[in-house]
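S.K.: structure, please.
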Amino acid sequence: MSRIISYRGLVADGVQAMIPLQTNKGLIGYRIKKFEAMFQNHAGLSTEATLKIFSVEQTTVDAEIDFSNQTLLAAAFIENSSATTTFGGKTIIFGDMVFNQDIYVTYSEAGNAQAGNYYIELEQMDLALDEATVATLKDIRNND
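M.R.: Here you go, the predicted structure:
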């Protein structure tokens, strides 16, 4: 049986936020169902930002999106235009990736050094012992 749990937060420019999911036995798995992002302040600013979710802690926080990175679980690009008072963006979720460890949200904003909000919905599911082992080993291998 699966259920949906949600997390929300505010992360500063150039910072990484950890979402604690790890359990003692690792028999609970997660899959991202929704990922949304919004600037902390939209008023009068023209800017853009990149938010990414990873299955392992990152050594650097940047705006580069690389779909060949096997630890990337989701990416969002948001932009705000003060000239046209519009807000937009694009989000990609790799929905087939199941994980059972902590995840990390990174935020990189161009120019105004303002913070960004994120909202994540995760599908929680029970994992068999072999599925839990595979999910854990995948994260360990991708962390090297």
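S.K.: and the residue most central in space within the chain, how far from residue 122?
M.R.: In the chain, the C-alpha nearest the mean C-alpha coordinate belongs to residue 53, at 2.3 Å (Cα atoms, centre = their mean). Separation of residue 53 from residue 122 (Cβ to Cβ, to the nearest Å): 10 Å. In this view, the C-beta of every residue, glycine as well, is placed from N, C-alpha and C.
S.K.: any weak-confidence spans in this structure?
M.R.: 1, 44, 82-87, 135-144 (pLDDT under 70).
S.K.: repeat the analysis, applying 50 as the threshold.
M.R.: 144 (pLDDT under 50).
S.K.: is it true that residue 133 lies in a helix?
M.R.: Yes. Under DSSP: H, G, I helix; E, B strand; the rest coil, residue 133 falls within a helix.
S.K.: how close does it get to residue 40?
M.R.: With the distance defined as Cβ to Cβ, residue 133 ends up 40 Å from residue 40.
S.K.: and the residue lying closest to residue 78 once chain neighbours are set aside, which of the three is it?
M.R.: Residue nearest to residue 78 in three dimensions, not counting chain neighbours: residue 89, with 3.7 Å by Cβ to Cβ, 6 or more residues apart in numbering. Three-state call for residue 89 (three-state DSSP): strand.
S.K.: surely residue 89 meets residue 79?
M.R.: Yes. Shown here, residue 89 and residue 79 form a contact pair, counting by Cβ atoms under 8 Å, at 6.1 Å.
S.K.: ok, back up a step: ok, the residue nearest to residue 78 - contacts?
M.R.: 37, 76-79 (Cβ atoms under 8 Å, 6 or more residues apart in numbering).
S.K.: which ones are touching residue 33?
M.R.: Residue 33 makes contact with 4, 93, 95, 121-123 under the criterion Cβ under 8 Å, 6+ apart.
S.K.: ok, and the most crowded of those residues?
M.R.: Neighbour counts for the contacts of residue 33 peak at residue 122, which has 22 neighbours (criterion: other Cβ atoms under 10 Å).
S.K.: sec struct for that residue, please.
M.R.: Per three-state DSSP, residue 122 ends up strand.
S.K.: buried residues of the helix or strand hosting residue 8, list them for me.
M.R.: Residue 8 is located in strand 3-11, with elements delineated by DSSP states H and E. Of the residues in strand 3-11, residue 11 count as buried by neighbour count, 16 or more other Cβ atoms under 10 Å.
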